[in-house]
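[1] Below are the sequence and a predicted model; questions follow.
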Amino acid sequence: MKTFPYFYIWKSYNVHNKNSNFLTFYKNFNSKTKSIINFLDNKKYLFYFFILAVFFSVYSLTINQIKSYNESKEKKFHSFLKSNEFSNLKEYIFENLISPFREYNYIVENNDTIEKILKKYNVASDDINNITTEIKKKKLSNIFIKSEIKILIKEELGVNKIVSLFYPINEITTVEIKKNKDGFSINKNILKLNKKEMVLSNTIKSNLYSSAIEAGIEPNIIIEFANIFGFEVDFQRDIRTGDKFEVYYEKYIDENNITRNTGKIIYASMFVNNKELSLYNFKFNNEMGYYDVDGTSVIKTLMKTPINGARLSSSFGFRRHPILGFNKLHQGTDFAAPKSTPIMASGSGVVVMAQKYKGYGNYVLLRHNSTYETAYGHMFKFGKGIRQGTRVNQGQIIGYVGSTGLSTGPHLHYEVIANGKRVNSQRLKLPTGKVLNNKARNKFEVERIKIDVKLADLRKNK
Ligand SMILES: [Zn+2]
């Protein structure tokens, strides 16, 4: 590479110094070339750099051009794929040229009826009439929102005729409509469900609900479970971390092992406050109930807490009255709860009073039997139909939490009155519900042993 600049210099020197003698030429040559060589040596790198820069910019420009060209081509192709022209074309090719059949999966919207849906697909009106009158007659026209309807249509000489139609009318029943020679055949397909017995248990970490969900128990079973234990356990106050529960119940599964429904709780057990309480399902006088090992019904005449989700804020006994400011016997139990929380009748009985009453504000007094009465104070408002003389059932809503009367904040003041005397509802040994005797007790014993055997078996196979 070095020869190239020398040769070039020699030539150019000759051109510009025609008249100089050899010596001066040589001298000049020597000193001048050196500086020129140096100069050109630097220039050379600049030149190379320039060439390289040009090359790279041309290269990157070209690459970008190619890339963006490909991208736009791809974009165009994708938008074509997504375009209506293409899908119409596809539909045309696949459905019109190859086959006159068209299949649709329609998701039911609000206020849809089979008639409306078929009209959306321009189904022939005689088909719509035939189908809708038949399904109305057979009471199979109840479709529900978000369910899927499968429609198969055949186009005959420009008219859309129904070939088949499938739609669910509930969790386990599908209606199957098929075209036949005489019109349409309409069948009801009921999913075959199998009863499965489950035993699930867990230790309570924060609350019953989350621990039960963790164990795989369905929410409605958890609610039922809490109801069964509602007379014995206060889920707000009695539950501690480490308490245990177990539930044995029925559920119904389909062929794909998917739970379609739950049945009854056969047995439920809780280990709370270092005590174990086991309850067995038993039908007595055609009435299903839950009984402990001794055959005593879990349902008490009075509930301990006539309110859900409340916190005991002041118990029965002497205390400094928050408003009156002096020590006074608090003759009831206070449950703090948000305004409007429903208050339940703690037992069945008759409304004696439902009115404004002294410092109690809006007040309800219930008479349960010759011994017991209960009173509820500071209500925001009364339950529907609650007035003097109304008969109420245990658990019925009689009013809503408020702060009327002498009260500092929303709470329920609850009193239990035994033989006309106010007693501590939380210490009260509440009279139990029915106790199974004689024949019923023997039947229960047999039933209970059966359940225990089954239970031991199911626990082993878990
Ligand atoms: Zn009170």
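    It's in.
[2] partners of the helix or strand where V352 lies, with directions?
    Mapping V352 onto the secondary structure by DSSP states H and E places it in strand 349-356. Applying DSSP bridges to the sheet, strand 349-356 is found paired with strand 362-367 (antiparallel), strand 391-392 (antiparallel).
[3] just those strands: most buried one?
    strand 362-367 (a mean of 22; mean count of other CB atoms under 10 Å). Where C-beta positions appear, they are placed from N, C-alpha and C, glycine not excepted.
[4] re earlier: want to throw the strands paired with strand 349-356 into JSON lines with distance to the ion and mean pLDDT?
    Converted to JSON lines, these look like this (distance: least, CB to the ion, whole Å; pLDDT from 0 to 100):
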{"stretch": "strand 362-367", "distance to the ion": "12", "mean pLDDT": "96"}
{"stretch": "strand 391-392", "distance to the ion": "22", "mean pLDDT": "89"}
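[5] Among the ones you listed, which comes closest to T301?
    Ranking the strands paired with strand 349-356 by distance to T301, with CB to CB as the measure, places strand 362-367 first at 11.8 Å.
[6] Strand partners (parallel or antiparallel) of the next helix or strand after that closest one?
    Per DSSP H and E, strand 362-367 leads on to strand 372-382 as the next helix or strand towards the C-terminus. Partner strands and pairing direction for strand 372-382 (DSSP bridges) are strand 362-367 (antiparallel), strand 397-401 (antiparallel), strand 411-418 (antiparallel).
[7] Let me see the mean pLDDT of the strand holding V352.
    Mean pLDDT, strand 349-356: 95.
[8] Convert the C-alpha atoms of it to CSV, please.
    Output of strand 349-356 as CSV, limited to C-alpha atoms (Å, rounded to 0.1, in the frame of the first residue of the first chain):
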residue,chain,number,x,y,z
GLY,A,349,-92.2,-15.1,69.9
VAL,A,350,-94.6,-12.1,69.9
VAL,A,351,-93.8,-8.4,69.6
VAL,A,352,-94.9,-6.7,72.9
MET,A,353,-93.5,-3.3,72.1
ALA,A,354,-92.1,-1.6,69.0
GLN,A,355,-91.9,2.1,69.7
LYS,A,356,-89.8,4.9,71.1
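[9] now it: how far from the chain's centre is it?
    Centroid separation for strand 349-356 versus its chain: 40 Å, with CA atoms, centre = their mean, to the nearest Å.
[10] so what's the residue of the stretch 351-462 of the chain found nearest the ion closest to, chain neighbours aside?
    Going by CB to the ion, the ion is nearest to H413 of the stretch 351-462 of the chain, at 3.4 Å. Take H413 and drop its neighbours on the chain: the residue closest to it by CB to CB, 6 or more residues apart in numbering is G377, 3.8 Å away.
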